[in-house]
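Colleague: Model the structure of this input:
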Amino acid sequence: MKPMLLAVYLTALHRCERSLADGFGAVAKRHADEPEIAGTAPLLAAWSEQHVARLGDALARFGKKPPRDAKLLASALFAGPRNGPVGLLDDLLELAMLAGQVQLLWALAGQGARVLRDAELLESCTTLPVQTDRQKVWVETQIKSLAPQLLIMPS
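Modeller: Residues are numbered from 1 along each chain as shown. Presented below is the predicted three-dimensional model:
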């Protein structure tokens, strides 16, 4: 018997990693005039693409189950075009939220892997979230760098 809830959360993690990859890609395109964004966001998107591929093996073993709450955070993000510094800040805030959700889902998957003693999943849950942590730190650094000048601009 396959653990049903683990499959649900692995599916959610897979979807969120896919959304994170797409989000970094969208931000890189929307804000290509920002050198730090254009140079780093595609690399961070590639990391999530790799995570999506690695999660495919776990989904093949444990099954793919739609999340109980189909309204994942990822589905509400990156709506509509956003330009300029304020648009970049909004995009970065959404990337930070999504990366935080991915971090928590990796932690859940890791707990399931430990209980089931699934060495392959545990290895993924140990190594891949290190990149997610770096993605989140990078996004938060960009927010902290951009916010001071934007927060005092006239609205």
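Colleague: what's around S124, how many residues?
Modeller: Look at S124: counted by other C-beta atoms under 10 Å, it has 20 neighbours. In this view, the C-beta of every residue, glycine as well, is placed from N, C-alpha and C.
Colleague: What of M97?
Modeller: Counted with other C-beta under 10 Å, residues neighbouring M97 total 17.
Colleague: so what's it scoring on pLDDT?
Modeller: At M97, the model reports a pLDDT of 93.
Colleague: Ok, E34 next?
Modeller: Looking at E34, the pLDDT reads 93.
Colleague: From L59, how far out is the nearest residue to it once chain neighbours are set aside?
Modeller: Excluding its sequence neighbours, the residue lying closest to E34 (C-beta to C-beta, 6 or more residues apart in numbering) is L88, at 6.6 Å. Applying C-beta to C-beta, to the nearest Å, the value for L88 to L59 is 33 Å.
Colleague: neighbour count winner among the two?
Modeller: L88 (21 against 16).
Colleague: I'd say that one and D33 touch.
Modeller: No. Look at L88 against D33 with C-beta atoms under 8 Å: they stay out of range, at 9.8 Å.
Colleague: got a list of what the residue nearest to E34 touches?
Modeller: Counting by C-beta atoms under 8 Å, 6 or more residues apart in numbering, L88 touches 27, 30-31, 34, 37, 82, 146.
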